[in-house]
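Novice: I'd like to go over a predicted model; first the sequence, then the structure.
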Amino acid sequence: MAGKVFTCKTCGAVATEPGHLCSPTEEMATCAYCGKNVPHTKHYCKGKMEDLKYVCEQCGRLAVSKDLLCKPAEVPTT
């Protein structure tokens with residue numbers, strides 16, 4: 001996203017306008033994966049896509065390790 005990014009403190013939703021969120025903030029977060037300050041915690045770091053090896057069969061979330069998912073399965077390779 002270019003420009004200002006607002007994150008909801010309640011649910012983590014991201015928007016370019018604060019009026020679309022219930023508790024908007026412009027505060028930066030620190031990514032636990034790469035350590036960079038980012039507008040929200042749900043960002044993709046350079047190189048992270050190559051490290052995503054698992055997918056949750058329940059919600060579709062991708063992760064780098066099984067223990068981060070409730071119903072993990074290996075990402076299918078083509």
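Specialist: Ah, there it is.
Novice: Can you pull the domain assignment for this structure?
Specialist: 1-44, 47-78 (automatic domain parsing).
Novice: export those to JSON lines and tack on mean neighbour count?
Specialist: For glycine as for every other residue, the C-beta is placed from the backbone atoms N, C-alpha and C. Output for the domains of the chain, formatted as JSON lines (neighbours: other Cβ atoms under 10 Å):
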{"stretch": "domain 1-44", "mean neighbour count": "13"}
{"stretch": "domain 47-78", "mean neighbour count": "12"}
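Novice: D67 should be in a strand, yeah?
Specialist: No - assigned with DSSP: H, G, I helix; E, B strand; the rest coil, D67 falls outside any strand and is helix.
Novice: Next one: it relative to T25, how far apart?
Specialist: With the distance defined as Cβ to Cβ, to the nearest Å, D67 ends up 29 Å from T25.
Novice: go on, L68?
Specialist: 25 Å.
Novice: The lowest-mean-pLDDT helix or strand in the chain: partners in the sheet, and parallel or antiparallel?
Specialist: Counting by mean pLDDT, DSSP states H and E, the chain has its least confident helix or strand at strand 29-30, which shows a mean of 72. Sheet pairing here is set by DSSP bridges, and for strand 29-30 it gives strand 37-38 (antiparallel).
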